[in-house]
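Colleague: everything below, folded, please.
(one chain, ligands or ions: 1)
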Amino acid sequence: MKYALVTGGSRGIGRAVCCKLAAHGYGILINYTKNQEAAEETRKLVEETGAVAGLLCFDVANRETCQASITNWIEEHPNDQIAVLVNNAGVRMDNLMMWMKDSEWDEVLNISVGGFYNVTKAVLPGMISAKWGRIINMVSLSGIKGLPGQTNYSAAKAAVIGATKALAQEVGRRGITVNAVAPGFIKTDMTEGIDEKEFKSIIPVKRFGTPEEVAALVNFLASAESSYITGEVVTISGGL
Ligand code: NAP
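Modeller: Numbering: from 1, shown residues only. Predicted coordinates for the structure are as follows:
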């Protein structure tokens, strides 16, 4: 059976991606780190589509536990394959550079950039053996444009964009594509304190996006139809 591993699959964009990929026939591995209740809710939603779902609890920034968890799963499922990896887990800890705490810098980079490395390193050998794979990295408009108050987040997402382009060139010949999705403002817990009314005037379509809209794009990039697209950053921002 082919599985999709979605990091940060318990809530927000990750949950919508889990449900969308489930509806297209993948078994779903839902990673989360703290919020077991939300992860169980995602599992329920995935199972309602008729798909198989499993929970993988690990902190993507912790190389040992993250890689051990994925390696154990692979060893316990010799007839299954992780065909799709969505590196979606992320946090934002905004602060002006002047006031930024070391922990805010470290944590945001460790989760986004470290998480990309830790998870992808563990999953990639299976994709190479299968000669097929889809890796989709959730970045942000902030990593393309840079946003004040987000030097940590912009740096982290820009780093993952660079890694996306480099890895795409390493593995293209093996049937594996690597792309990044860069959302603007999407309605999730992450954007909870941000006033949509205040920002919608600068968004051409005049509203925040939904997790389901991002999931539809991820679903396309995860499909066989997208096989000639790799190393790209696709923005989904209502024209922002
Ligand atoms: P969210 O609602 O805050 O959900 C974050 C998810 O990441 C949760 O499932 C959380 O798990 C998980 N997570 C956080 N730290 C983790 C760690 N160390 N290890 C494993 N999982 C971890 O966020 P979202 O808005 O859906 O964002 C998803 C991705 O899209 C992020 O990479 C974010 O940077 C990016 N993005 C979001 C927006 C936006 O407007 N929302 C815009 C651009 C980019 P728990 O439930 O266990 O805490």
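
Colleague: center of the protein, which residue is that?
Modeller: The residue lying closest to the centre of the chain (CA atoms, centre = their mean) is Asn88, at 1.7 Å.

Colleague: in contact with that residue: list those residues for me.
Modeller: For Asn88, the contact set (CB atoms under 8 Å, 6 or more residues apart in numbering) comprises Val6, Thr7, Gly8, Gly9, Ile13, Gly14, Val17, Met138. Placement of C-beta: from N, CA and C, glycine included.

Colleague: hmm, try it at 6 Å
Modeller: Counting by CB atoms under 6 Å, 6 or more residues apart in numbering, Asn88 touches Val6, Thr7, Gly8, Gly14, Met138.

Colleague: now Asp80
Modeller: Asp80 makes contacts with Met1, Tyr3, as judged by CB under 6 Å, 6+ apart.

Colleague: just checking, what's the longest helix in this protein?
Modeller: Determined from DSSP state H, the single longest helix within the chain is helix 151-171.

Colleague: go back to the contacts of Asn88 and keep what's next to the ligand.
Modeller: Thr7, Gly8, Gly14, Met138 (CB under 6 Å from any ligand atom).

Colleague: out of these, which is nearest to Ile30?
Modeller: Ranked by distance to Ile30 (CB to CB), those are led by Gly14 at 7.8 Å.

Colleague: the closest one - that's part of a helix, no?
Modeller: Yes - counting by DSSP: H, G, I helix; E, B strand; the rest coil, Gly14 is located in a helix.

Colleague: so it sits against Thr7, correct?
Modeller: No - assessed by CB atoms under 6 Å, Gly14 is found out of contact with Thr7, at 7.0 Å.

Colleague: that older thread, make CSV out of the ones next to the ligand among the contacts of Asn88 and add pLDDT, secondary structure and distance to Ile176.
Modeller: Compiled in CSV, these are given as follows (pLDDT from 0 to 100; DSSP: H, G, I helix; E, B strand; the rest coil; distance: CB to CB, whole Å):
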residue, pLDDT, secondary structure, distance to Ile176
Thr7, 98, coil, 17
Gly8, 98, coil, 21
Gly14, 98, helix, 21
Met138, 98, strand, 18
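
Colleague: local confidence estimate at the residue of the chain positioned farthest from its centre?
Modeller: Largest separation from the mean C-alpha position in the chain: Met98, at 29.2 Å (CA atoms, centre = their mean). pLDDT, Met98: 98.

Colleague: repeat that for Asn137.
Modeller: 99.

Colleague: report the contact partners of it.
Modeller: Asn137 touches Asn87, Val160, Thr164, Ala180, counting by CB under 6 Å, 6+ apart.

Colleague: now the host helix or strand of it: how far from the chain's centre is it?
Modeller: Assigned by DSSP states H and E, Asn137 belongs to strand 133-138. Distance, stretch centre to chain centre, for strand 133-138: 8 Å (CA atoms, centre = their mean, to the nearest Å).

Colleague: cool, and stretch 148-158?
Modeller: Its chain's C-alpha centre and that of stretch 148-158 lie 16 Å apart, by CA atoms, centre = their mean.

Colleague: quick one on the thing from earlier: isn't there a strand covering the residue farthest from the centre of the chain?
Modeller: No - in this structure, Met98 is helix, not part of a strand, as judged by three-state DSSP.

Colleague: going forward, count from 616.
Modeller: Happy to do that; since the first residue is 616 now, the last one works out to Met713.

Colleague: next one: it relative to the ligand, how far apart?
Modeller: 23 Å (CB to the nearest ligand atom, to the nearest Å).
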